[in-house]
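**Q** fold the following and give me the result.
(one chain, ligands or ions: 1)
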Amino acid sequence: MSTPNAPYKVYGLDLSYFTGKLEAYLRYKEIPYQREELSTKTFRDTVLENTGLQKMPAVATPDGQWLTDTTPMIDWFEEKYPDHSVLPDDPYAAFFCRLLEDYADEWLWRPALHYRWSFPNDAQLMARRIAQEMMHDVPGPLWLKTRMIKQRQIKEYVAGDGITSDTRRHVEEIYLKTLDTLQRQLSVTPFLLGGRPCLADFGFFASMFRHFGIDPTPARIMRDRAPAVYEWTARLWNARASRVTGAFEPATGIPPAWAAFLKDIGSAYLPYLNANARAWTDGRRKFDAEIEGVAYKKLPTSQYRVWCLERLRWHFTKLPEDTATKVRQTMETHRLWAPFTEVDATDSHYDPENRLPLGAALAEDAARIRKTAARGGSIWGRPAA
Ligand SMILES: N[C@@H](CCC(=O)N[C@@H](CS)C(=O)NCC(=O)O)C(=O)O
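**A** Have a look, this model is predicted:
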């Protein structure tokens, strides 16, 4: 039923990476929303049926549409609520905001999940919270549900995502290096692009607020090593567009501190995306990749991340010619251009009709996910008694 003045409904957990990113964006833009309780049943039935994916956050709009995936969702909201845009008018800076958002979303995911699930105290605490907040509709004692969550997350996101004694140090360095770069910028400006939040702020916020900022082990590191980042997480959570008076700075171009991110994107993230895209094209479910001299083995091939590369390249093709030339020069200077253009085909077939964030395009996957769930492939999918 359509009730156009009602708030958006956000289905997600209080400790979820991408739910935090979306919530901070909606709060900043002062778009009314309410967070809906997410039980295993809601996740399995409502979210999956309506978006085709079992991913949080999912959003139900007041007029009955369903949205999935925070990246296209933010574009969708920006079109509907253009005031106080999180993308600068300068197309050069806007392109790099998109690149940083994608890098922060995807490349900080592995360290964020590692810090949450590889340290026994952190893992116990967070698994218990998930069991309490989400699995109250699943029968069984809390200790057992906590154990199931822990085992599932470690299998999927630590052991299953290439984290071994050989790669662990490299994964942790991603977090530490990111803290240092953020600290440098946030010691001089309140947000990453000067006096107001940009898209890149929300990208980094996902991991920094809902994982690194609250999980005991990385949170202690953040407080000691990067207090300006710790402060920024609260500043962004409390930021409201109607009250923020600062401007994007520099007025054109990007801050010098972003060079450290660009260097990382060229030496680590894009080589990973390229190896993933090649594995996808070859139909391999797992692949090995050498990233900054570290050998990652049996990484899961991600169709979604082929789409991420495809989408970034698409945004590049949409730049005005003179901006594209400038962006290319910057990418060459920071050694990003070669890896950005290295892979010929980025044919993900992830969103062939270009419908995201509208979930219906993906809803046909629902039946397949349900079948896997019924076989016990997902703890969220196990039917409640
Ligand atoms: N690209 C998606 C990613 C969403 C996502 O991966 N969400 C995680 C939680 S933060 C999830 O739902 N995971 C489900 C699972 O682990 O089963 C977005 O930006 O919204």
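**Q** now the strands for this structure?
**A** 8-11, 33-36, 58-60, 66-68, 286-291, 294-300 (DSSP state E).
**Q** pick the most deeply packed of the ones you listed.
**A** For the strands of the chain, ranked by mean neighbour count under the definition mean count of other Cβ atoms under 10 Å, the leader is strand 58-60 at a mean of 26. For glycine as for every other residue, the C-beta is placed from the backbone atoms N, C-alpha and C.
**Q** starting at the chain centroid, how far to that strand?
**A** Strand 58-60 has its C-alpha centroid displaced from the chain centroid by 16 Å (Cα atoms, centre = their mean, to the nearest Å).
**Q** that strand packs against which elements?
**A** Helices and strands in packing contact with strand 58-60 are listed as strand 8-11, helix 48-51, strand 66-68; criterion 3 or more Cβ pairs under 8 Å, 6 or more residues apart in numbering; DSSP states H and E.
**Q** direction included, what does that strand pair up with?
**A** In its sheet, strand 58-60 lies beside strand 8-11 (antiparallel), strand 66-68 (antiparallel), with partners assigned from DSSP bridges.
**Q** any idea which of the helices and strands packed on strand 58-60 scores lowest on pLDDT?
**A** Across the helices and strands packed on strand 58-60, the stretch with the lowest average pLDDT is helix 48-51; it has a mean of 92.
**Q** elements contacting that one?
**A** Identification of packing neighbours for helix 48-51 by 3+ Cβ pairs under 8 Å, 6+ apart yields strand 58-60, strand 66-68, helix 365-374.
**Q** quick one: mean pLDDT for the last one?
**A** Helix 365-374 shows a mean pLDDT of 60.
**Q** do you know how far the residue of the stretch 51-200 of the chain found nearest the ligand is from residue 19?
**A** For the stretch 51-200 of the chain, the residue closest to the ligand is residue 70, as judged by Cβ to the nearest ligand atom, at 3.5 Å. Distance of residue 70 to residue 19, given as Cβ to Cβ, to the nearest Å: 8 Å.
**Q** OK, contacts around the residue most central in space within the chain?
**A** With distances taken as Cα atoms, centre = their mean, the residue of the chain nearest its centroid is residue 105 (3.0 Å). Residues counted as contacts of residue 105 (Cβ atoms under 8 Å, 6 or more residues apart in numbering) are 18, 21, 70, 71, 203, 206.
**Q** residue 21 and residue 300, how far apart?
**A** In terms of Cβ to Cβ, residue 21 sits 22 Å off from residue 300.
**Q** do residue 235 as well
**A** Residue 235 is 35 Å from residue 300, by Cβ to Cβ.
**Q** name the residues of the stretch 151-300 of the chain found near the ligand, please.
**A** By Cβ under 6 Å from any ligand atom, no residue of the stretch 151-300 of the chain approaches the ligand.
**Q** before we move on, back to that, between residue 70 and residue 19, what contacts are shared?
**A** Residues touching both residue 70 and residue 19 comprise residue 57, with contact defined as Cβ under 8 Å, 6+ apart.
**Q** distance of the residue nearest to residue 255 when sequence neighbours are not counted from residue 127?
**A** Once its chain neighbours are removed from consideration, residue 255 has its nearest residue in residue 185; the separation is 5.9 Å (Cβ to Cβ, 6 or more residues apart in numbering). According to Cβ to Cβ, residue 185 stands 34 Å off from residue 127.
**Q** before we move on, the earlier item: in a markdown table: the helices and strands packed on strand 58-60, plus distance to the ligand.
**A** Compiled in a markdown table, the helices and strands packed on strand 58-60 are given as follows (distance: least, Cβ to the nearest ligand atom, whole Å):
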| stretch | distance to the ligand |
| --- | --- |
| strand 8-11 | 10 |
| helix 48-51 | 10 |
| strand 66-68 | 7 |
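**Q** who wins for proximity to residue 31 among these?
**A** Across those, residue 31 has its closest neighbour in strand 8-11 (6.7 Å, Cβ to Cβ).
**Q** pull the residues that contact the closest one.
**A** Contact partners of strand 8-11, identified using Cβ under 8 Å, 6+ apart, comprise 19, 22-23, 26, 31-36, 38, 42-43, 46-47, 56-62.
**Q** thank you, goodbye.
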